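*Asks:* coords below, sequence missing:
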């Protein structure tokens, strides 16, 4: 074991950083662990992505996020959160994956493996799970989904030039992937279970995609789903009449969203609502049914990942640390 600390945070995304910054401000020792880089989910966003939120909604503990436009870009956000780590001198252990968590003798034992294969571990009085949701996509669950041409992540369009591309979904990610790949010279078809684009599509993007669809530049199979994927084609099925047909295909971009991974919570015995996927917790402190075990960020949204964003998930850090400070005053918090 590498030693004891007051708080271990699993996940160094924006909401995890917010916990670390709040702990630093309160004088509590805190280690943040992440199997990837700082804010790895944002790092995996499309290279040219622009946030829906304004910069002030992404700020942590009042550190200004200054941009040259109203909506910040992916690159600007990455730079900002690197500065957050430096500003608060956070103890972030990048590329150190948590492999197992246990509750032993009233404290948490967190086992890790570094990128070089070295195994380590930490003991903490309090554990915060802030793992986000970007590692667990909603699968299509069809034959052929494991083919190399299928991806649930879209970063940039160059590889799709002069290719038949199927984009699955009707939300922001699907719309932006369709438009970006079409502009890069792809032949794009979208398939969506509903009969229109999702209501949450960015208002400045919606007219663009509607124009492309109306002009026939981008095809859409409304009220349909993917039934099977083969190396050179995809089977599409109608939800209403059950009709099926094959279309030529080189790549599938399955923009079907993501869901949180609750495995660490389950390993520690925390209760999770089976219908909503929301871990049972006190919304005033973010503490779960296991004492001293907390959640932060989108994990608290369960299956409805669109309910919590950076702008409201960042508040969880203060809720957690304020709770711990109260216990410290009352003499119920062990710092080591």
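*Replies:* All right, it came through fine. As the structure is a computational prediction, the values presented were derived from the model and not from experiment.
*Asks:* Report the contact partners of residue 66.
*Replies:* With contact taken as CB atoms under 8 Å, 6 or more residues apart in numbering, residue 66 is in contact with residue 55. To be clear about C-beta, it is placed using only N, CA and C from the backbone, and glycine gets the same treatment.
*Asks:* Begin at 32, not 1, for the rest of this chat.
*Replies:* Taking 32 as the first residue, the last one we looked at is residue 97.
*Asks:* Distance of it relative to residue 86?
*Replies:* Going from residue 97 to residue 86 by CB to CB, to the nearest Å gives 7 Å.
*Asks:* Next: residue 323.
*Replies:* 34 Å.
*Asks:* How about residue 139?
*Replies:* In terms of CB to CB, residue 139 sits 35 Å off from residue 86.
*Asks:* between the two, which one's more packed in?
*Replies:* The neighbour count for residue 139 versus residue 86, taken as other CB atoms under 10 Å, is higher for residue 139 (22 against 18).
*Asks:* beta partners of that one?
*Replies:* residue 134, residue 155 (DSSP bridges).
*Asks:* quick one, what contacts it?
*Replies:* 39, 132-133, 154-158, 299, 323-324.
*Asks:* mind listing the helices for this structure?
*Replies:* 45-57, 71-74, 105-118, 203-214, 237-245, 294-298, 341-344, 346-361 (DSSP state H).
*Asks:* From the contact counts, what lies against the last one?
*Replies:* Looking back up the chat, that one is helix 346-361. Contact partners of helix 346-361 among helices and strands, from 3 or more CB pairs under 8 Å, 6 or more residues apart in numbering; DSSP states H and E: helix 45-57, strand 324-326.
*Asks:* 6 Å instead?
*Replies:* Helices and strands touching helix 346-361, by 3 or more CB pairs under 6 Å, 6 or more residues apart in numbering; DSSP states H and E, are helix 45-57.
*Asks:* Just the residues contacting the helix it packs on, thanks.
*Replies:* 38, 40, 61, 63, 91-92, 115, 119, 121, 159, 161, 327-328, 341, 344-345, 347-349, 351-352, 356 (CB atoms under 6 Å, 6 or more residues apart in numbering).
*Asks:* Name the residues of that helix that are buried.
*Replies:* By neighbour count on 16 or more other CB atoms under 10 Å, the buried set for helix 45-57 is 45-55, 57.
*Asks:* Now render those as TSV, adding distance to residue 256.
*Replies:* Compiled in TSV, these are given as follows (distance: CB to CB, whole Å):
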residue	distance to residue 256
45	33
46	33
47	35
48	38
49	38
50	39
51	41
52	43
53	43
54	45
55	47
57	49
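*Asks:* Columns distance to residue 170 and pLDDT on top of the residues you listed, output as JSON lines?
*Replies:* Below are these laid out as JSON lines (distance: CB to CB, whole Å; pLDDT from 0 to 100):
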{"residue": "45", "distance to residue 170": "26", "pLDDT": "97"}
{"residue": "46", "distance to residue 170": "25", "pLDDT": "97"}
{"residue": "47", "distance to residue 170": "25", "pLDDT": "98"}
{"residue": "48", "distance to residue 170": "29", "pLDDT": "98"}
{"residue": "49", "distance to residue 170": "30", "pLDDT": "98"}
{"residue": "50", "distance to residue 170": "30", "pLDDT": "98"}
{"residue": "51", "distance to residue 170": "32", "pLDDT": "98"}
{"residue": "52", "distance to residue 170": "35", "pLDDT": "98"}
{"residue": "53", "distance to residue 170": "35", "pLDDT": "98"}
{"residue": "54", "distance to residue 170": "36", "pLDDT": "97"}
{"residue": "55", "distance to residue 170": "38", "pLDDT": "96"}
{"residue": "57", "distance to residue 170": "40", "pLDDT": "95"}
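*Asks:* Residue 101: which of those is nearest?
*Replies:* Among the buried residues of helix 45-57, residue 45 lies closest to residue 101 (CB to CB), at 19.1 Å.
*Asks:* roughly how far apart are that closest one and residue 113?
*Replies:* 12 Å.
*Asks:* Then residue 220?
*Replies:* Counting by CB to CB, the gap from residue 220 to residue 113 is 38 Å.
*Asks:* quick one, which of the two is more surrounded?
*Replies:* Shown here are residue 220 and residue 113; by other CB under 10 Å, residue 220 has more neighbours (20 against 13).
*Asks:* In contact with that one, which residues?
*Replies:* 197, 250.
*Asks:* can you pull up the bridge partners for it?
*Replies:* residue 197, residue 250.
*Asks:* Report pLDDT for it.
*Replies:* We have a pLDDT of 98 for residue 220.
*Asks:* Reformat the helices of the chain as JSON lines; add distance to residue 314.
*Replies:* Converted to JSON lines, the helices of the chain look like this (distance: least, CB to CB, whole Å):
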{"stretch": "helix 45-57", "distance to residue 314": "15"}
{"stretch": "helix 71-74", "distance to residue 314": "23"}
{"stretch": "helix 105-118", "distance to residue 314": "25"}
{"stretch": "helix 203-214", "distance to residue 314": "27"}
{"stretch": "helix 237-245", "distance to residue 314": "33"}
{"stretch": "helix 294-298", "distance to residue 314": "16"}
{"stretch": "helix 341-344", "distance to residue 314": "11"}
{"stretch": "helix 346-361", "distance to residue 314": "8"}
